[in-house]
Structures are given as C-alpha cells and as structure tokens.
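> Okay, predicted coordinates and the sequence, questions at the end:
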Amino acid sequence: MPQPTAAQIAVAALSFELAADGETVPTEAHLLPPGPFRAVDGRPFECAGWQLDAVIASALVALAAGRKNDILIDFEHQSLRSLENGKRVEAAGWIPRTLEWREGKGLYAKNINWVGDTAQLIKDKKVRYISALFTYDAITGAVLEILSVGLTNTPALDGLEALAALARTHYIDSSKEVADMPGETEKLAALTQERDGLKTNVAALTQERDGLKTQVAALTQERDALKAKEATAAADKEKAEHAALLQAALNDGRLAPAQKAWAEKLSLAALTECLATLTPIAMLTKQTPGLDPAGNTHGLTDVEKAACDRMGVAYADFQKTKAV
C-alpha cells in the first residue's frame, strides 16, 4: 500500500481529561479511542471516520518506539506554533517512546515523566486536558502518526487549519527520521490484508456454523418425533401382551375372576413375575361336577350324582369305579 501524498494528509486533534484525583498524578494518558470514531463537531468531513484498530496502532507504536528521542508533551502544542509566534517551547513532560494499544479502549501513552511543576499543575487542576495532534489519510481515515502531544485547557483546538500545512511538512520530515525502518508500510498493508482475509473467513465460518445449527435442530426434531412413535408403539405392544397374559391366567385358573381388577393395575413385568409363582386352581379348571361336555350323566343315580358333586369327582370317573 503506497504512502499517502502530502495532499492526502490531514490533521486533527482530540482531547481527553487527565485522570487526576487531587492527590496522585497519572503517569499514563488516553490519546485516541478505537475507530471508527468522530469528533463531536462532526469531523472528519472528508472521509467516513477516523480509523484506528490493532493493526494501525501497531504501526503507530512501532513508529514511536523507533524514534531517537522521547516524545515531547508541551503546552498548547507550542512545538508546532513556535515558528509562527516566536515563543520558546517548554516541556511539560516526556513520553519515553512508549505507546500502547488496549483493545476496546484505544491508544495510550505510558510511563510519562512530568517536568518541573507540571505534576502540581495537574494535581491542582490548573491544566485538565491532554491533546493529541495526529495526521490521518484523508481518503481512508487511517491514523498515520501522533505529531504532537500537549497539555491544554481548550480541548477544542483553535487554529487547526493553520497547523495543517505545518503538520504535512512535519509528516514528510518524520518519514525521513524513520528511514531506518524499511518495509513498515508494506508490513501494515500485509497485516491489513491478512486481517480482512480473516474477517472474511470468520464470516464464512459463522454462516456455516449457523447452517449446521439449523440442520441439527431439524434432525433433533425428527429424532424426537421418532422416539415418541417408538414409545407409543412399545406401550401399545406391552398393553397387548399384558391383556393376553391376564386372559390366559384367567382361563387356566392361575387367577380368579375377582383378581382381574387387581392384576390389571400391575405392570407387565410384575404380572409376569407373579404368574410364574402360581399354578392353576383345580376347582376353576374343572367342568361342572359329574357332567361331561355333552351333559351325559353316565347312568348314575341321583344319590351317586350328589356324592360326585360334593367330592368334585367327574361322573365318568365314578362310573369307572362302579364297573370295577
């Protein structure tokens, strides 16, 4: 990815309030939020928004770490105004080339060394804001470099357009300063391309996952329906087997008719186990005493028939004993 030309470089500034509590002075400062972001006044107007993510921030961190000198924190960005107003540049503090990206929060300056009475001014809230002046690609919105960091009491930086030309010139000069860092732009381009490729892969995998979830839901519904049918069929089969077993027990005398209601409440397993211990009751299996299926009395007298009835002996069997 080619570097933006001077005409493509724009300048902007954002401010954050220093996190001073009246007793301690912070040694780190929030410089920029994660992108895309905009100022409350609607800036930037020439692109969709300022862009800052882990990939872009890694280039900013590397750029700061590769400098020969610490990063100056001045008052009201005087380091950029000195050629215009002739005033000297005084350091409020120094950032020892330690910028850090914090996911979800943005770009931070760490290990700040405050100079002179600056710490007391911050503690007394005589200065309340830290302002980062940065360049960005006017086409893509990508943050290119932190130009200046200053303490200020006017978060909305005045004269920003007047600083734009100085900022562009500074950007060209700073490019020479990091000439001993070849390939950084190419690395940024490669990382950006890799990030975009990973985003595409994640989107495809997410779509595939959602498709699989839909299939799993459909198969789960089908399985539950089949299990319900299987359960119903098993219940019907068990009911039929129970009825057949109960009727057989009633027919062969293992159960008396009076026991039917009780047996109907037993499970198939319990009924099976119970019937296995029973034998047919003779009185329930025999036909009416003395009579055979044809109703034949076999020539017995009324007295003999009454005796057979009392003893439960078949008429035919008694007739055989008489023949002997």
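Great, that's in hand. Numbering: from 1, shown residues only.
> Isn't residue 252 up against residue 275?
No - in this structure residue 252 lies outside contact range of residue 275 using CB atoms under 8 Å: 9.6 Å. Heads up, the C-betas are built off the backbone N, CA and C, glycines and all.
> Give me the more crowded residue out of the two.
Each of residue 252 and residue 275 had its neighbours counted (other CB atoms under 10 Å), and the higher figure belongs to residue 275 (18 against 15).
> Show the low-confidence segments of the stretch 51-200 of the chain, by residue range.
Flagging of the stretch 51-200 of the chain using pLDDT under 70 yields the residue ranges 155-185.
> any chance you could map the helices in it?
Chain-ordered helices for the stretch 51-200 of the chain, with DSSP state H, counting those that start in this stretch as the definition, fall at 54-65, 78-85, 118-123, 160-177, 184-252.
> Could you dump the ones you listed into CSV and include distance to residue 129?
CSV is the format used below for the helices of the stretch 51-200 of the chain (distance: least, CB to CB, whole Å):
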stretch, distance to residue 129
helix 54-65, 21
helix 78-85, 15
helix 118-123, 10
helix 160-177, 15
helix 184-252, 30
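> Among those helices, single out whichever gets nearest to residue 29.
Residue 29 sits nearest to helix 118-123 of all these, at 10.3 Å, using CB to CB.
> List phi and psi for residue 25.
According to degrees, to the nearest 10, the main-chain angles of residue 25 amount to phi -110, psi 130.
> measure the residue nearest the centre of the chain to residue 215 for me?
The residue at the geometric middle of the chain, judged as the C-alpha nearest the mean C-alpha position with CA atoms, centre = their mean, is residue 206 (11.8 Å). As judged by CB to CB, to the nearest Å, residue 206 and residue 215 stand 15 Å apart.
> quick revisit: tell me which of the helices of the stretch 51-200 of the chain sits nearest to residue 132.
Taking CB to CB as the criterion, helix 54-65 is the member of those that comes nearest to residue 132, at 10.5 Å.
> What ranges does the stretch 1-150 of the chain have for its strands?
With DSSP state E, counting those that start in this stretch applied, the stretch 1-150 of the chain shows strands at 9-17, 29-32, 71-75, 91-95, 99-102, 106-109, 113-114, 129-137, 143-152, listed in chain order.
> Same list, those, but as JSON lines with distance to residue 49 and mean neighbour count please.
As requested, these are exported to JSON lines (distance: least, CB to CB, whole Å; neighbours: other CB atoms under 10 Å):
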{"stretch": "strand 9-17", "distance to residue 49": "11", "mean neighbour count": "21"}
{"stretch": "strand 29-32", "distance to residue 49": "12", "mean neighbour count": "22"}
{"stretch": "strand 71-75", "distance to residue 49": "25", "mean neighbour count": "20"}
{"stretch": "strand 91-95", "distance to residue 49": "26", "mean neighbour count": "21"}
{"stretch": "strand 99-102", "distance to residue 49": "18", "mean neighbour count": "17"}
{"stretch": "strand 106-109", "distance to residue 49": "14", "mean neighbour count": "22"}
{"stretch": "strand 113-114", "distance to residue 49": "33", "mean neighbour count": "17"}
{"stretch": "strand 129-137", "distance to residue 49": "10", "mean neighbour count": "23"}
{"stretch": "strand 143-152", "distance to residue 49": "11", "mean neighbour count": "22"}
